[in-house]
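*Asks:* Need coordinates for the following:
(2 chains)
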Protein chains: 2
Amino acid sequence: MRIGLLGFGVVGRGLYELTQTRSDMQVVKVVCLEDVTLPDAQVTRNFQDILEDDSIDTVVEAMGGLHPAYEFVRAAMEAGKHIVTSNKALVASFYDELIPLAQEKGLMFRCTAAVGGGIGWLSEVERSRRAQTITRVGGIMNGTCNYILDSMTRLGLTYADALSQAQALGYAEANPSTDVEGIDTWHKVILSSNIAFGISLNTDTVPVAGISRIGAEDVARFTEKGYVCKLISTGKRTEDGFSVYVQPTLVKAGEPESAVPSNYNLITLVGNTSDRMSFFGQGAGRYPTAYNVLQDCIDLLSGKGFYSPYGEKVSAVNSGKLRYYVRGCADGSLADVAAESWEGAIITAPVSVEAMHLWLKEHPEAFIAAIAE
Amino acid sequence: MRIGLLGFGVVGRGLYELTQTRSDMQVVKVVCLEDVTLPDAQVTRNFQDILEDDSIDTVVEAMGGLHPAYEFVRAAMEAGKHIVTSNKALVASFYDELIPLAQEKGLMFRCTAAVGGGIGWLSEVERSRRAQTITRVGGIMNGTCNYILDSMTRLGLTYADALSQAQALGYAEANPSTDVEGIDTWHKVILSSNIAFGISLNTDTVPVAGISRIGAEDVARFTEKGYVCKLISTGKRTEDGFSVYVQPTLVKAGEPESAVPSNYNLITLVGNTSDRMSFFGQGAGRYPTAYNVLQDCIDLLSGKGFYSPYGEKVSAVNSGKLRYYVRGCADGSLADVAAESWEGAIITAPVSVEAMHLWLKEHPEAFIAAIAE
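*Replies:* Residues are numbered from 1 along each chain as shown, chains lettered A, B, ... in the order given. I've put the predicted structure just below:
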């Protein structure tokens, strides 16, 4: 396998290093904007150098971002090159173009590192669907949020201090909004659901609530009541179709999710015969992520294509009801569903996920957390 | 694939049911001693009916026990049939005969359900070793022990009551010794280590301590000190070779292992690039176990053989030191390593795993638990 590598940041450099000792693949050209010199690969600023090199059979995209990653990946596919990427935003956002294109052109396309970093999550979803019907996917998919929530819970930090600490440790970016607003998790659960259920979700119908408005006073109340707050994604089959959403969720102390420390992930699959299986590991980091990019390259060598056939376009139906913790509803707009008062916040009677997220859009200053079923 | 199925108990019947809707495989004959009638498979008490049927390419062994499972599997292999089994005792005990024989005869041999039931553990070990050096395997591998320890910890039950409850729920057998003395876990960590490290362990050098002597007074002390007791297996690369053992272990409340409830397993792999990955799920049960037997059959269809090449014979070297909780050392034989006293028990200074297990052999009435590193 002759690889053209796009990007030489954390993941790209990690993959380059991991391929050094292998005889079955070689990074032959690297597109990056920094001044880098490599003994065995040509470094270029010009993507055309990879695109026009017919000896390169596989493009590994490790640039991140939507543009020009999308244009480069698409052009590489048009030129008949197989794709490996760790870019969840890219695959979730352009699922309807990239996956059918790969199928149409008979190209292999893998993105295992896009969800769960070092965890072989998407490859296990692929394996699972050979033998059973998957009924549920989701869990703790973002290490930044978990680090912040864990620090607030265990160390009693404020949100601002926990975020600063995460930034100092390299677990959060200078602009953390993609992580803390839940967008990263949203991409991951959309991608996981598409593959697990063989569908293509209408992303507009998948609501997301993040953690940026959580306060130390919320966390103190949760601890007092025996709950731990985690950002949890859900994708499940229901009688009405598929219910998919991302939201802060209160889990009971003692549940596996409650014990996920630091920047780890815990991602769960439920199937009609395997029952529950969960995967715990580093959701990010150079070598864990590069490890799964390497695994994808190895899978390409054995002819493995995308994880599931491209499926029908569907809208999520989030009519299932949950109880919610809500702080910031002083305008009385939730008075008719308030079931309990928790000093300055309320616990609602069961309300639909859809209705709660619609309410949140009108009240962007509020903080909500579902109470786990 | 035409399957000859040995045994029609929990797992065998589960596999039969799961194959009913598939067109790529069929159970054509079943050996069992009970009176069973099946619409689409011949039921026989005579193994020769499968052995001599050249149309049967694969034997699925779901009888359990060493004999006659070993003789049947061996004869089937001599006759050129591929093997799928969920029998950890069989594969761990006859590793040196069955795995080289499969290699020699070019036969496929899979046993994914043997460790972790519904968790795709051995198949993930296989995947992992393609891309990195595995440095550690192990964890909570026995649901019966976890159920007993969890009930003692969370509900304050005595050992006898927790065991009775496990038996009433079908989580423990009438004679529970294979589970509670750690033998089942011992088979699983030997098999996992052999595959992960590409070795064949001298099983005599792998020590095991079980949970049958734990008392409510021990658990109360652990809780008071912020520890949770779990039966944990360890297989790791060290500077001296490989260290492999099974023992009750005190983990801090808040660590992922501490939160494993009921009869679940949590099995961990550490690799030099992936870092830690853990797998949580049902370690037993009809459908979870049959699910992985089915997965093995699907892997056979794609030509997948055993997980790793048969490797060199090695003895475990357990010279690494740990601190231990020991109750039942009133004879003063540990006085020189006692570092702390916990009302009726001691905490030792770091002592080698090997030395502690040798001491335990001389003091079979004692209860020991390592304190996790």
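
*Asks:* For the rest of this, base every contact and every neighbour count on C-alpha atoms.
*Replies:* Fine.

*Asks:* And residue A:45, how close does it get to chain B?
*Replies:* For residue A:45, the distance to chain B equals 29 Å [CA to the nearest CA, to the nearest Å].

*Asks:* hang on, I meant residue A:11
*Replies:* Distance, residue A:11 to chain B, by CA to the nearest CA: 12 Å.

*Asks:* residues contacting that residue?
*Replies:* A:62, A:285-287, A:289-290 (CA atoms under 8 Å, 6 or more residues apart in numbering or on different chains).

*Asks:* Point out the least confident one among those.
*Replies:* The pLDDT minimum for the contacts of residue A:11 sits at residue A:285, where the score is 83.

*Asks:* Leaving out sequence neighbours, find the closest residue to that one.
*Replies:* What sits nearest to residue A:285 in space, not counting adjacent residues and going by CA to CA, 6 or more residues apart in numbering or on different chains, is residue A:117, at 7.2 Å.

*Asks:* and the one you found, how many neighbours does it have?
*Replies:* 29 (other CA atoms under 10 Å in any protein chain shown).

*Asks:* what does residue A:312 give?
*Replies:* Residue A:312 has 12 nearby residues by other CA under 10 Å.

*Asks:* The closest residue to it other than its chain neighbours: what's it in contact with?
*Replies:* Once flanking residues are discounted, residue A:312 sits nearest to residue A:199: 5.0 Å by CA to CA, 6+ apart. By CA under 8 Å, 6+ apart, the contact set of residue A:199 is A:193, A:310-314.

*Asks:* So among the residues you listed, which ones count as buried?
*Replies:* A:193, A:310-311 (16 or more other CA atoms under 10 Å in any protein chain shown).

*Asks:* close enough to count as contact, residue A:33 and residue A:47?
*Replies:* No. Look at residue A:33 against residue A:47 with CA atoms under 8 Å: they stay out of range, at 10.7 Å.

*Asks:* Looking at the two, which has the bigger crowd around it?
*Replies:* Neighbour count, other CA under 10 Å: between residue A:33 and residue A:47, residue A:47 has more, with 18 against 12.

*Asks:* Residue A:45: how many residues sit nearby?
*Replies:* 14.

*Asks:* got the phi/psi numbers for it?
*Replies:* Phi and psi for residue A:45, reported as degrees, to the nearest 10, are phi -100, psi 0.

*Asks:* Pull the contacting residues for it.
*Replies:* A:31-33.

*Asks:* which of the buried ones among the contacts of residue A:199 are close to chain B?
*Replies:* Near chain B, judged by CA under 8 Å from any CA of the partner chain, there are no entries from these.

*Asks:* Return the subset of those lying in helices.
*Replies:* Of these, the ones assigned to helices by DSSP state H are residue A:193.

*Asks:* sorry, back to before: just checking, the residue nearest to residue A:285 touches residue A:287?
*Replies:* No. Contact criterion CA under 8 Å: residue A:117 and residue A:287 do not qualify, at 9.0 Å.

*Asks:* State the three-state secondary structure for the spatially most central residue of chain A.
*Replies:* Centroid check for chain A by CA atoms, centre = their mean gives residue A:188 as the closest residue, at 2.7 Å. Here residue A:188 is recorded as helix under DSSP: H, G, I helix; E, B strand; the rest coil.

*Asks:* which residues sit in contact with it?
*Replies:* Residues near residue A:188 by CA under 8 Å, 6+ apart: A:88, A:92, A:114-115, A:141.

*Asks:* Quick check: the two most widely separated of those residues?
*Replies:* Pairwise distances across these peak at 14.6 Å for A:92 and A:141 (criterion: CA to CA).

*Asks:* out of these two, which sits in the busier spot?
*Replies:* Between residue A:92 and residue A:141, residue A:141 has the larger neighbour count (other CA under 10 Å), namely 31 against 22.

*Asks:* for the more buried one, what are its contacts?
*Replies:* A:115-116, A:185, A:188, A:232-233, A:265-267, A:283.

*Asks:* same question, residue A:206
*Replies:* A:186, A:190, A:244-246, A:316.

*Asks:* Go again with 6 Å.
*Replies:* Neighbouring residues of residue A:206 by CA atoms under 6 Å, 6 or more residues apart in numbering or on different chains: A:244-245.
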